[in-house]
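Novice: Pasting the sequence and the predicted coordinates here, then a few questions.
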Amino acid sequence: MSTAVDTTAPARGAESMLGDAWTITRRQFWHWRAQPGGFAVGLLFPVLVTLMFGALFGGAIAGSSGDYYSFLMPGIFVMAMLFGLEATMTAVNADAARGVTDRFRSLPIHPAAVVLGRCLADMIYTVVGLAVLLVTGLALGWRWQDGGTEALIAVALLLLLRFALLWLGIYVALVAKGPETVVAVQILVWPISMLSSIFVDPATMPGWLGTIASWNPLSATATATRELFGNPTWASASWVNEHALPLAVGWPVLITATFAPLAVRAYRRLGG
Amino acid sequence: MDEAEPAIEVRDLRKHYPKTPDGVGLNGIDLRVPVSTVHALLGPNGAGKTTTIRILTTLLRADSGTARVAGFDVRGQGRQVRRRVGLVGQAAAVDEVLTGRQNLSMIGRLNHLLSPATRAGELLDRFGLADAADRKVSTYSGGMRRRLDLAAALVVDPQVLFVDEPTTGLDPQARRDVWASIGDLVAGGTTVLVTTQYMEEADALADRITMLAAGRVAASGSPDELKARVGGDWLDVTPDHPADLARLAGICAPYAAGPPVTADGVLRIPVADRTRALVGVSSALADARIDPLDLSVRRPTLDEAFLALTGPPTDPVETAVTR
């Protein structure tokens, strides 16, 4: 019987994990084209937060909004990496709820292809978003001071953080089904980004809170990128601040090493 | 693949869900579906239909037992199985944001077709979606989505197609369209395993039916065999007043081939010879000067067969696990 069916079956080419991942990524391009509004809002939201914090707190914290932007912008870049979690989780969640994930899982593709495709699409979106933010910063008077190479390393650190958080997002969205989780994360990203050196120096917080804030992985990336961009860190001398650069590499590597395998495993085992 | 090997062969399949109240998904299922036939899994929510389909399409791992699909073991040869099966799940698993054409060509690409766009065009024509091909799926009706979903499962001409409750929530016209599409497939040589809660659907579609209840096979056979197992014909007598039911039962007793049943003001008597019983009962009623509201002879429905073979419907406690 197989011969009878095979003669009518359409011709097939070779299987490739990266090829399949790219197909999943291209699907996201189609989504962006079909929903330009959502695409733009995702890019502009961090810009809005920049203007809001700069205008609201700039005067109080740094004496003027202009000075504050040179401190704030690297922090905003880090915050945008965290806020990207939401887009990742929403997409993973919607696919799982609609049965799209099950359809993918019933296809003869590598189990890592779907999550990898998601990852690639989100990284591309992040690069575009970061470019928009860099231009915004430049328009507001923020500059990198220590040369192009250091600035590029800073950008690489930011993308590394996003990459790590992405796996965390995919894992949590696969394990904790239902849109409530996404809502919880939408709320949680605020205190998590506040409790760091993104907006203010943790040394100005009450002692215990400051300790938590300075050990926040986001703080390591914030301090390291500020140093690399040659922007003011305002950071007090502490072990965490002196080792910001290795920590800004170490935290994301640790998060990725933990959650990337968990995410692929959760994808394979969806539904028990 | 061996000529005599069935398209689906399942032996003693078991699945336990530790997190649910009664914990049992499948309690030892056996199933054998010959090539190019339609087999229906019939049962209420929680009977284990979806669990079975998810195991056979490699989405879920069974705790024990064996299952072979298109000649390959679902556990050890998952990729081989996935290359040969199509799945139409309960929810229409299509991307709402994309157009129908984009959905199908994406699935074609993920199946590594050399010309996914051509294939997408063919399927859109075949399922009557050519006019809506470049519209977003979010603008489609329920029936159109279901047809697109079916088309997506057929991108590679699967040897075995799994269809999980294909017509739940569809209007009668859309339901008939889906049935017709499944019929066409079987004519083309595809083996179909379909789950349903509707007897009517199983009766219309399937060559053979396996009735599931609480994770076990309650009965298995062709629709006619299953009906025959609940016995022969029934004589239904509906009196003017429910109060007359007891008296009617006495009058009809000589023609009954088994204990009569009373339900919803209707007296139902199993009969061995339908003509003799109809003539006999109507003259006995005339003699007793009773003019019934309705008097009819009919064959048992699959509904009755199901109740007779599985006992009273079980509590749908497993609804959550079968999604």
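Specialist: Cool, the structure landed. Since we're looking at a predicted model, the values are computed, not measured.
Novice: Enumerate every residue touching A:V49.
Specialist: A:76, A:79 (CB atoms under 8 Å, 6 or more residues apart in numbering or on different chains). Backbone N, C-alpha and C define where each C-beta goes, glycine included.
Novice: That one in helix, strand or coil?
Specialist: The three-state label for A:V49, taken from DSSP: H, G, I helix; E, B strand; the rest coil, comes out as helix.
Novice: Apart from its neighbours in sequence, what residue is nearest the residue of chain A found nearest chain B?
Specialist: Of all residues in chain A, A:G99 sits closest to chain B, at 3.5 Å by CB to the nearest CB. Spatial nearest neighbour of A:G99, chain neighbours left out: B:A93 (3.5 Å); criterion: CB to CB, 6 or more residues apart in numbering or on different chains.
Novice: Pop the domain breakdown of chain B in here.
Specialist: B:8-84+B:158-227+B:313-322, B:232-299 (automatic domain parsing).
Novice: Would you mind giving those as CSV with mean pLDDT added?
Specialist: Below are the domains of chain B laid out as CSV (pLDDT from 0 to 100):
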stretch, mean pLDDT
domain B:8-84+B:158-227+B:313-322, 85
domain B:232-299, 83
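Novice: Let's have those in a markdown table, adding mean neighbour count and distance to A:V127.
Specialist: A markdown table is the format used below for the domains of chain B (neighbours: other CB atoms under 10 Å in any protein chain shown; distance: least, CB to CB, whole Å):
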| stretch | mean neighbour count | distance to A:V127 |
| --- | --- | --- |
| domain B:8-84+B:158-227+B:313-322 | 20 | 33 |
| domain B:232-299 | 15 | 68 |
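Novice: Would you check that B:M199 makes contact with B:G43?
Specialist: No: look at B:M199 against B:G43 with CB atoms under 8 Å: they stay out of range, at 10.6 Å.
Novice: among the domains of chain B, which is nearest chain A?
Specialist: The nearest among those, by CB to the nearest CB, is domain B:8-84+B:158-227+B:313-322 at 4.3 Å.
Novice: Which one of the residues in chain B is closest to chain A?
Specialist: Counting by CB to the nearest CB, chain B gets nearest chain A through B:A93, at 3.5 Å.
Novice: Pull the number of nearby residues for that residue.
Specialist: Residues lying near B:A93 (other CB atoms under 10 Å in any protein chain shown) number 24.
Novice: SS state for A:S197?
Specialist: From three-state DSSP, the assignment for A:S197 is coil.
Novice: B:G128 too?
Specialist: coil.
Novice: repeat for B:V163
Specialist: strand.
Novice: Please name the residues that touch it.
Specialist: B:88, B:150, B:153, B:182, B:192-195.
Novice: Just the ones of those in strands?
Specialist: Within those, residues falling in strands by DSSP state E are B:88, B:192-195.
Novice: would you turn these into JSON lines with distance to B:G76?
Specialist: Formatted as JSON lines, the ones in strands among the contacts of B:V163 follow (distance: CB to CB, whole Å):
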{"residue": "B:V88", "distance to B:G76": "25"}
{"residue": "B:V192", "distance to B:G76": "24"}
{"residue": "B:L193", "distance to B:G76": "21"}
{"residue": "B:V194", "distance to B:G76": "26"}
{"residue": "B:T195", "distance to B:G76": "25"}
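Novice: thinking again about what came up before, could you dump the domains of chain B to TSV with distance to B:L110?
Specialist: As requested, the domains of chain B are exported to TSV (distance: least, CB to CB, whole Å):
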stretch	distance to B:L110
domain B:8-84+B:158-227+B:313-322	11
domain B:232-299	47
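Novice: among the ones you listed, which is nearest A:G117?
Specialist: For the domains of chain B, proximity to A:G117 was assessed by CB to CB; domain B:8-84+B:158-227+B:313-322 is nearest, at 17.1 Å.
Novice: and the stretch 101-250 of chain B, which of its residues are near chain A?
Specialist: B:102, B:106-115, B:119, B:136, B:152, B:155-157, B:159, B:188-190 (CB under 8 Å from any CB of the partner chain).
Novice: Across the sheet, point out what pairs with B:S296.
Specialist: Using DSSP bridges, the bridge partners assigned to B:S296 are B:D236.
Novice: my read: it touches B:L267, true?
Specialist: No: using CB under 8 Å, B:S296 makes no contact with B:L267, being 11.5 Å away.
Novice: Mutual contacts of these two, please.
Specialist: Shared contacts of B:S296 and B:L267, counting by CB under 8 Å, 6+ apart, come down to B:D236.
Novice: I'd assumed A:D95 was in contact with the residue nearest to A:G99.
Specialist: No: between B:A93 and A:D95 there is no contact under CB under 8 Å: 9.1 Å.
Novice: could you pull out the strands for the stretch 201-323 of chain B?
Specialist: Assigned by DSSP state E, counting those that start in this stretch, the stretch 201-323 of chain B shows strands spanning B:208-213, B:216-221, B:233-238, B:261-263, B:266-271, B:294-298.
Novice: which SSE is the residue nearest to A:G99 in?
Specialist: Using DSSP states H and E, B:A93 sits in no helix or strand.
Novice: pLDDT below threshold where in chain A?
Specialist: Applying pLDDT under 70 to chain A flags the ranges A:1-9, A:62-66, A:234-235, A:271-272.
Novice: Which parts of it are helices?
Specialist: Along chain A, the segments classed as helices by DSSP state H run A:2-8, A:17-34, A:36-62, A:65-98, A:100-105, A:111-139, A:148-175, A:179-194, A:207-215, A:217-229, A:239-242, A:244-268.
Novice: which one of those is the most hemmed in?
Specialist: helix A:217-229 (a mean of 26; mean count of other CB atoms under 10 Å in any protein chain shown).
Novice: which helices and strands sit right next to it?
Specialist: Packing partners of helix A:217-229 (3 or more CB pairs under 8 Å, 6 or more residues apart in numbering or on different chains; DSSP states H and E): helix A:65-98, helix A:148-175, helix A:239-242, helix A:244-268.
Novice: got a list of contacts for it?
Specialist: Residues contacting helix A:217-229 (CB under 8 Å, 6+ apart): A:71, A:73-75, A:77-79, A:81-82, A:144-146, A:150-151, A:153-154, A:157-158, A:161, A:192-193, A:196-198, A:202, A:213, A:232-233, A:235, A:240-241, A:244-245, A:247-248, A:250-252, A:255.
Novice: Mind doing that once more with 6 Å?
Specialist: Helix A:217-229 is contacted from outside by A:74-75, A:78, A:144, A:150-151, A:153-154, A:157, A:161, A:196-198, A:233, A:235, A:241, A:244-245, A:247-248, A:251, using CB atoms under 6 Å, 6 or more residues apart in numbering or on different chains.
Novice: returning to that earlier point: tell me who's in contact with the residue nearest to A:G99.
Specialist: Counting by CB under 6 Å, 6+ apart, B:A93 has contacts A:99-100, A:103.
Novice: Kindly report the same for B:R109.
Specialist: A:23, B:116.
Novice: Repeat that for A:V92.
Specialist: A:V92 neighbours (CB under 6 Å, 6+ apart): A:170, A:173.
Novice: B:V74 now?
Specialist: B:58, B:67, B:81.
Novice: Inside helices: which ones of the residues you listed?
Specialist: B:V81.
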